[in-house]
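Show me the folded form of this:
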Amino acid sequence: MTGVFDFHARLVPGGAGRLLATMDRAGIDRAAVSAGGLIGLDELSVQITYGGRAEASADNAGLAEECDRSAGRLLPFYFADPRRDVDAYRKEAERFRGLEISPAVHGFRLDEPAVAELVLIAAAARHPVYVVTTGRPGCRPADLARLALEFPQATLVWGHCGHTGLEIAGLAELAPLPNVVAELSGCLTVTARTAVERFGAGRVLFGTEFPLQHPAVELAKCAALGLEPAARDRLMWTNACRLLGEDTTWNRM
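Predicted coordinates:
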């Protein structure tokens, strides 16, 4: 196997050392990271189910600085609030490798004009856009499907394969859209297996959601899928390198 690329970890301010040490213990070579700890888990769990909006802002500049010191192991994603970060992301996009937007945290709908602006900026910068859908109107898998159809030039990463762990119907809605990629952290094994079957191994990504999930859990889940070596390499390494424009032969010095 060529390597392990975690497409979705979170980095709290000053937390790069802990993340890198955890990656070393788990055998993970590289990670795409977004800001973590914007709101507490009690508040987040309420907003996922009932809605609401947090005014919290990500320290994207601080995250990028920590990634700059990681010798290429950590690749920064810009965590944007569509209602106030469009101009900032446009100005700073070249410093980042991807974009994350979160309806659960910032309480927006995927059909808002500012979301479209962010997606267009991301597409121009060749940034994948990481989104976790919820069950609320405007934030469901069908709404992500409409966004993908509207912007075929953008790559949308469906985080966690939804928010329930078992959104098989969402897989059916999104699998026909070639610019949507499934990310597996947090979902059930049956959902992960179905994602590989419906999307194909070339459109599925390994992720951990560290520190909320221990990497060993996600590694065990992917091992339990029983994939052929070539498919496993795509899911665990090659797909992430391709989406982020990285050389698949990268190795730590």
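
Sticking with residue 78, tell me its helix or strand.
Using DSSP states H and E, residue 78 falls within strand 74-79.

buried set for the very next helix or strand once past that strand?
Sequence order places helix 86-92 as the next helix or strand after strand 74-79, per DSSP H and E. By neighbour count on 16 or more other C-beta atoms under 10 Å, the buried set for helix 86-92 is 86, 89. Any C-beta I mention is one placed from the backbone N, CA and C, and that applies to glycine too.

Quick one: distance of helix 86-92 to the chain centre.
Relative to its chain's centre, helix 86-92 lies at 19 Å (C-alpha atoms, centre = their mean, to the nearest Å).

Name the strands paired with the next helix or strand after it and say parallel or antiparallel.
Later in the chain than helix 86-92, the nearest helix or strand by DSSP H and E is strand 98-101. If you go by DSSP bridges, strand 98-101 pairs up with strand 74-79 (parallel), strand 129-131 (parallel).

export these to TSV and tack on distance to residue 120 and mean pLDDT?
Formatted as TSV, those follow (distance: least, C-beta to C-beta, whole Å; pLDDT from 0 to 100):
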stretch	distance to residue 120	mean pLDDT
strand 74-79	14	98
strand 129-131	10	98
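
Can you add distance to residue 27 and give the ones you listed back as a markdown table?
Output for those, formatted as a markdown table (distance: least, C-beta to C-beta, whole Å):
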| stretch | distance to residue 27 |
| --- | --- |
| strand 74-79 | 16 |
| strand 129-131 | 23 |
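
right, so of those, which gets closest to residue 32?
strand 74-79 (4.8 Å; C-beta to C-beta).

could you dump the closest one to CSV, C-alpha only?
Taking C-alpha atoms only, strand 74-79 is exported to CSV below (Å, rounded to 0.1, in the frame of the first residue of the first chain):
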residue,chain,number,x,y,z
LEU,A,74,-1.1,18.7,7.0
LEU,A,75,-3.0,20.5,4.2
PRO,A,76,-5.3,23.3,5.3
PHE,A,77,-9.0,23.8,4.4
TYR,A,78,-10.6,27.1,4.7
PHE,A,79,-13.7,26.9,7.0
